[in-house]
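> quick one, fold the following:
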Amino acid sequence: MASCLENDHRHHVDILFTGALLLSLALHAITLAMLPGLPTALNKTANSLTVELQSPPPKPLPPPEPPKPAPKELKELPKKLPPQPKPQPIPPPPVEMTQPEPAPVHTPEPPPQVIAALPKAEEPPPAFVAPTPPPAPPKPKAPTEQDIEMARGNYGNLLSREFAKYKQYPRIAQMRGWQGTSKVELHIDANGNITSSTISESSGFEVLDKQALEMVRKASPLPLPPEVLRGREFTIIVPVAFRLQ
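Numbering: from 1, shown residues only. Sure thing, here's the model as predicted:
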């Protein structure tokens, strides 16, 4: 519908344009005829002027109409089936006469076969493997001379404190004001026992030196020496000091 209206509108526009053009040409012709001295030129112009009118464009073809739906096929009515014959009853199968089966005949089973097992060959006793001895403990590292000297110094201080427990200042030395230090040299065996004791350096007074040796005798047995000195004989010097307070 919209296409048809558009085509009609174009046709009316073409008609109006053609009429307006013809009217304009007629007005120009009248004007030229009224002017003097221009009939010849007007005639030439009229003879040479050719107006071609454009033919209106052809009308567009209308759009094709949509195809009409095909008429629905009429459903065929189901035809009536012919009546089927009634099923005939099936006769029962004939009964077969079975005869009783004969009783099975019991046959004694054969005695089981006894297979005597061969005695196994005696396996030889396993070879005796001597146990491996445990690894020997590592030997103790031999002490150096510096270790022995340090152990002697520590043991000498220990003995000096032990001897001081039995100190008795001689009365005559107190009265006369005698003082000094007696150095006692001890020889000790591998069991830690004193084998001999002597004065290696006198205090200057015999009474004080004798008192130092008496203190050593009363302090026996001595305490155990350090581990570095055990199991060996050694000599040690112990100072015994006498001081008046």
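> helices along this structure, start to end?
For the chain, the helices defined by DSSP state H occupy 2-34, 39-48, 145-164, 171-176, 206-219.
> can I get those helices in a markdown table with distance to Val240, mean neighbour count and mean pLDDT?
C-beta: built from backbone N, CA, C; applies to glycine. A markdown table is the format used below for those (distance: least, Cβ to Cβ, whole Å; neighbours: other Cβ atoms under 10 Å; pLDDT from 0 to 100):
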| stretch | distance to Val240 | mean neighbour count | mean pLDDT |
| --- | --- | --- | --- |
| helix 2-34 | 147 | 11 | 72 |
| helix 39-48 | 172 | 11 | 45 |
| helix 145-164 | 6 | 15 | 90 |
| helix 171-176 | 13 | 11 | 93 |
| helix 206-219 | 4 | 17 | 94 |
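> closest to Glu109 out of those helices?
In terms of Cβ to Cβ, the element of the helices of the chain nearest to Glu109 is helix 145-164, at 95.9 Å.
> just to revisit the earlier point, Gly231 is nearest to which of the helices of the chain?
Nearest of the helices of the chain to Gly231, taken as Cβ to Cβ: helix 145-164 at 12.5 Å.
> what is the closest one packed up against?
Applying 3 or more Cβ pairs under 8 Å, 6 or more residues apart in numbering; DSSP states H and E, one finds that helix 145-164 makes contact with helix 206-219, strand 234-242.
> who touches the longest one?
Residues outside helix 206-219 that contact it (Cβ atoms under 8 Å, 6 or more residues apart in numbering): 159, 162-170, 172-173, 178, 180, 182, 184, 186, 194, 197, 199, 202-203, 238, 240, 242.
> now do the domain split for this protein, please.
What automatic domain parsing lists as the domains of the chain is 2-48, 145-242.
> can you redo the ones you listed as JSON lines with distance to Ile90?
As requested, these are exported to JSON lines (distance: least, Cβ to Cβ, whole Å):
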{"stretch": "domain 2-48", "distance to Ile90": "79"}
{"stretch": "domain 145-242", "distance to Ile90": "121"}
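> look up how far Pro134 lies from Thr235.
From Thr235 over to Pro134 the distance is 39 Å, taken as Cβ to Cβ, to the nearest Å.
> looking at those two now, which is surrounded by more residues?
Here Thr235 and Pro134 are compared on neighbour count by other Cβ atoms under 10 Å; more neighbours surround Thr235, at 12 against 6.
> is that one bridged to anything, and to what?
Beta-bridge partners for Thr235, by DSSP bridges, are His187.
> that one and Glu185 touch, don't they?
Yes: the criterion here is Cβ atoms under 8 Å, and Thr235 meets it with Glu185 at 6.5 Å.
> can you point out the buried residues in stretch 223-243?
Within stretch 223-243, the residues that count as buried by 16 or more other Cβ atoms under 10 Å are 225, 228-229, 234, 236, 238-242.
> just stretch 188-205 next, same as before
Neighbour counts using 16+ other Cβ under 10 Å place 188, 194, 197, 199, 203, 205 of stretch 188-205 among the buried residues.
> returning to that earlier point: so which of the helices and strands packed on helix 145-164 gets nearest Gln146?
Closest approach to Gln146 among the helices and strands packed on helix 145-164 (Cβ to Cβ): strand 234-242, 14.7 Å.
> can I get the closest one in PDB, CA atoms only?
Once non-C-alpha atoms are left out, strand 234-242 reads as follows in PDB (Å, rounded to 0.1, in the frame of the first residue of the first chain):
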ATOM      1  CA  PHE A 234     105.300 -39.600  90.500                       C
ATOM      2  CA  THR A 235     106.900 -37.100  92.800                       C
ATOM      3  CA  ILE A 236     105.200 -34.000  94.100                       C
ATOM      4  CA  ILE A 237     106.300 -31.100  96.300                       C
ATOM      5  CA  VAL A 238     103.700 -29.700  98.700                       C
ATOM      6  CA  PRO A 239     104.400 -26.300 100.500                       C
ATOM      7  CA  VAL A 240     103.300 -26.100 104.200                       C
ATOM      8  CA  ALA A 241     103.200 -22.500 105.500                       C
ATOM      9  CA  PHE A 242     103.500 -21.400 109.200                       C
END
